[in-house]
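Novice: what's the 3D shape of this:
(one chain, ligands or ions: 2)
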Amino acid sequence: MDAFVYTGIASRVVFGAGSLQHLEREIELLGARRALVLCTPGQRDQAERVAAIIGDRAAGIFDQAVMHVPIESAREARAEAQRMGADCAIAIGGGSTTGLGKAIALDSGLPILAIPTTYAGSEMTPIYGITEAGLKKTGKDLRVLPRTVIYDPELTIGLPVGLSITSGLNAMAHAAEGLYAQDTNPIMGLLAEEGLRAMSRALPALKADPADLSARSDALYGAWLCGTVLGNVGMALHHKLCHTLGGSFNLPHAEVHTVVLPHAMAYNTRAVPDVMARIGRAIGSPDDAAGGLFDLAQSQGAPVALRDIGMQEADLDRAADIAVGNPYWNPRPIERTALRQLLQDAWEGKRPKG
Ligand SMILES: NC(=O)c1ccc[n+]([C@@H]2O[C@H](COP(=O)([O-])OP(=O)(O)OC[C@H]3O[C@@H](n4cnc5c(N)ncnc54)[C@H](O)[C@@H]3O)[C@@H](O)[C@H]2O)c1
Ligand SMILES: O=C(O)CCC(=O)CC(=O)O
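Specialist: Numbers count the residues shown, from 1 in each chain. Ligands and ions are numbered 1, 2, ... in the order given. Down below sits the predicted model:
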């Protein structure tokens, strides 16, 4: 075994169907007296349920979380937290709502309790992202890592099937890239493989029956493991491409991960064949991880072409230029011509071969 460094990042996880019932206990354990509840406008009903559970400890609800955390909404939420005398924030929702909580914590140090309702994995990372003047800046700071995470699969039953599948593939991307990260380690390798296994088992099951609690539990468990990998080791070409396409061309986050992932894996296959074999085995496609991920997405009705999620072919050159500028470390060197071809293939929705 190669030498490695492992730093444990601590957060408390309460997992299981119905675990929202433990919310009051968890708030108490945080030592908090007044919690501001965060959500998107569409999840206001879930936020109201949270507020009802904690009763007097609810300082109020801020329901203006939006994707990529515009600085204006972060400022508004911070002011609201201060005005209400909140000493804790509860983020119920997907990565956008958790991201808003992180923006508050970054500024104020307020502890965050996250209740994830998608599979994006943000709740397990010290990574934050804030968008100002059209530019998304990301950074790492342990202050933004949620102190407590409640994973209750019952809260994900209403997540639309399409978003469930793409969000699950967003999670799988964290695990896949974590397996070949420059700073990977055997512990994250175990979590990544198990996360991939759980998610690839869950997605067809929840597509067949979105109310299948066992499938929803598997998916949330997979999301936890994959998110932990994202929070612990560095990401590479795939995440760089997704940030470029999402940030500069405004493509939807989970969908862009879904389309790009098989192509990024194919790009890296020859550089890390053993890792691809591990990914392939975990998803039940032992000889072709890239093709297996493409088939998983396509067979569950997820988009597989950038042209189907809003990308213009005329923008592919600019996307390639942005992605080669200031690249993340990647197991295979980033070559402009090969990357441009990857983007073309992803735009057309070609099935890659690893
Ligand atoms: N910092 C990190 O570590 C990290 C990791 C992953 C993603 N992210 C960020 O998170 C954002 C994307 O998050 P996302 O993909 O979870 O999407 P999201 O949080 O924007 O949610 C998408 C939509 O689904 C709705 N929704 C969520 N859960 C639902 C449920 N159970 N039932 C019904 N509707 C529900 C939301 O209200 C929202 O309208 C991006 O900005 C991305 O950059 C950050
Ligand atoms: O918080 C962010 O916006 C950056 C991390 C992120 O989005 C991870 C991902 O690409 O899924």
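Novice: Not counting its neighbours along the chain, what's nearest the spatially most central residue of the chain?
Specialist: For the chain, the residue nearest the mean C-alpha position is residue 120 (2.4 Å; C-alpha atoms, centre = their mean). Distance criterion C-beta to C-beta, 6 or more residues apart in numbering; nearest residue to residue 120, sequence neighbours excluded, is residue 95 at 3.5 Å. Using the backbone N, CA and C atoms, a C-beta is placed for each residue, glycine as well.
Novice: Can you verify my assumption that the one you found contacts residue 125?
Specialist: No - judged on C-beta atoms under 8 Å, residue 95 makes no contact with residue 125 at a distance of 9.7 Å.
Novice: So the two - more neighbours on which side?
Specialist: residue 95 (27 against 24; other C-beta atoms under 10 Å).
Novice: Could you tell me how far the more buried one is located from ligand 2?
Specialist: 7 Å (C-beta to the nearest ligand atom, to the nearest Å).
Novice: mind listing what that residue touches?
Specialist: For residue 95, the contacting residues are 118, 120, 121, 122, 253, by C-beta atoms under 8 Å, 6 or more residues apart in numbering.
Novice: can you rerun that using 7 Å?
Specialist: Contacts for residue 95 (C-beta atoms under 7 Å, 6 or more residues apart in numbering) come out as 118, 120, 122.
Novice: For residue 207, grab the count of nearby residues.
Specialist: Using other C-beta under 10 Å, residue 207 is surrounded by 19 other residues.
Novice: scratch that, residue 8
Specialist: Close neighbours of residue 8, defined as other C-beta under 10 Å, add up to 6.
Novice: Assign it to helix, strand or coil.
Specialist: Residue 8 falls in the coil class when you classify it by DSSP: H, G, I helix; E, B strand; the rest coil.
Novice: Show me the helices in the protein, by range?
Specialist: In order along the chain, the chain carries the following helices (DSSP state H): 23-29, 44-54, 71-83, 95-108, 161-179, 186-208, 213-232, 237-249, 253-268, 273-283, 289-299, 316-324, 336-348.
Novice: can you redo the ones you listed as a markdown table with mean pLDDT?
Specialist: Converted to a markdown table, these look like this (pLDDT from 0 to 100):
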| stretch | mean pLDDT |
| --- | --- |
| helix 23-29 | 97 |
| helix 44-54 | 98 |
| helix 71-83 | 97 |
| helix 95-108 | 97 |
| helix 161-179 | 98 |
| helix 186-208 | 98 |
| helix 213-232 | 98 |
| helix 237-249 | 94 |
| helix 253-268 | 98 |
| helix 273-283 | 98 |
| helix 289-299 | 98 |
| helix 316-324 | 95 |
| helix 336-348 | 98 |
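Novice: what about residue 118, distance to residue 154?
Specialist: Counting by C-beta to C-beta, to the nearest Å, the separation of residue 118 from residue 154 is 14 Å.
Novice: Name the residue in the two with the higher neighbour count.
Specialist: residue 118 (27 against 16).
Novice: Point out the residues in the stretch 201-350 of the chain that sit beside ligand 2.
Specialist: The stretch 201-350 of the chain comes close to ligand 2 at residues 239, 242, as judged by C-beta under 6 Å from any ligand atom.
Novice: Residues of the stretch 201-350 of the chain that sit close to ligand 1?
Specialist: Counting by C-beta under 6 Å from any ligand atom, the residues of the stretch 201-350 of the chain close to ligand 1 are 230, 253, 254.
Novice: and residue 39, what does it touch?
Specialist: Applying C-beta under 7 Å, 6+ apart to residue 39 gives the contacts 46, 47, 61, 63, 65, 92, 93, 97.
Novice: Good, we can wrap up now.
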